[in-house]
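> okay, predicted coordinates and the sequence, questions at the end:
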Amino acid sequence: MSKYRSIVLDIIREADILLEVLDARLVELSRNRNLEKRVLELGKELVFVINKSDIMPKSAIQDQIKGLKPVFIVSAKNGYNMRNLRKYINSKAEELLKKGKDKVVIGVFGQPNVGKSSLLNSLSRGGKVLTSPVSGFTKGKQLLKMKKKVYLIDTPGVVNLKKDDEVRLALLGSKDPNKLKDVEGVALSLIEYLKKPLSIFYGIDYDSDAETILEEVGAKLNYLTSGGVVDTNRTAKRIIQDWQKGVIKISPKDLQNISKKLSN
């Protein structure tokens, strides 16, 4: 078991309510079913939080979350629906406090780059990080005070995909392009999945093979070596970064098809 996964499991055991933060573009692909199962086995409250809703049509998100309860579609970036999420958490926390608990801890987990930090800052309204502020909590763990007797705690991002599955890691934004072993190979795979929207974004012809599109994007961006040849490595990184930033738009239907293929 990795060090980070061990930390996450410790926090799940110590928290009373768990928020799983998911990417609105790829809800199913960003879920961690093993951790979800552990939360439910321990009898803890599990809340699904669909973040980054500002970059996806609400109707497309609704199509991806059927069967998930309780679920909140939010944008920690612009504050969309955060009030309702905060209200729900406070209500559940009050119930636990009335039953005799001296404190309530809200654990937050999810894949890297799903916006956990932004969510924590929004829920705590920029609250100060505290280290072991209450008795009975593991020493050294950092918490944010949400309100009196209610604390938030972050977890390290745990990737539940195979380490060598770099295409999925890149799609989810779970891995920095600079750390990919085969950045050009990953970019070519993304081009195959995102050929039309990617070509529209960069203003090039999408009726070409992936290698040609990679070259054309590099030329369009003027990513050239001293010899005037397209720097495909730099271009590949840029394509992946633009996708992870959410600036390359894709139809909800195509996005769901990609998610289904990669979830198999």
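That came in fine, so what should we check first?
> what residue spans form the domains of this protein?
3-154, 166-263 (automatic domain parsing).
> how distant is the shortest one from the center of its chain?
For domain 166-263, the gap between its own C-alpha mean and the chain's C-alpha mean amounts to 19 Å (Cα atoms, centre = their mean, to the nearest Å).
> quick one: mean pLDDT for that domain?
For domain 166-263, mean pLDDT rounds to 86.
> got JSON lines for the domains of the chain, with mean neighbour count too?
Bear in mind the C-beta positions are built from the backbone N, C-alpha and C, glycine included. Compiled in JSON lines, the domains of the chain are given as follows (neighbours: other Cβ atoms under 10 Å):
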{"stretch": "domain 3-154", "mean neighbour count": "17"}
{"stretch": "domain 166-263", "mean neighbour count": "17"}
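> center of the protein, which residue is that?
Val114 (1.9 Å; Cα atoms, centre = their mean).
> for that residue, what are its contacts?
Val21, Leu22, Asp23, Ser30, Asn51, Lys52, Gly157, Leu172, Gly173 (Cβ atoms under 8 Å, 6 or more residues apart in numbering).
> can you do 10 Å?
Residues near Val114 by Cβ atoms under 10 Å, 6 or more residues apart in numbering: 20-24, 26, 30, 49-52, 76, 108, 157, 172-174.
> please apply the same query to Ser251.
Ser251 neighbours (Cβ under 10 Å, 6+ apart): Pro57, Ala60, Lys196, Pro197, Asn257.
> Pro197 touches Ile250, doesn't it?
Yes: taking contacts as Cβ atoms under 10 Å, Pro197 lies within contact range of Ile250: 4.4 Å.
> what do these two both touch?
Trp243.
> please name the nearest non-neighbouring residue to Ser117.
Asp154 (7.0 Å; Cβ to Cβ, 6 or more residues apart in numbering).
> partners of that neighbour in the sheet?
Val108 (DSSP bridges).
> from Leu119, how far off is it?
From Asp154 across to Leu119, the span is 9 Å (Cβ to Cβ, to the nearest Å).
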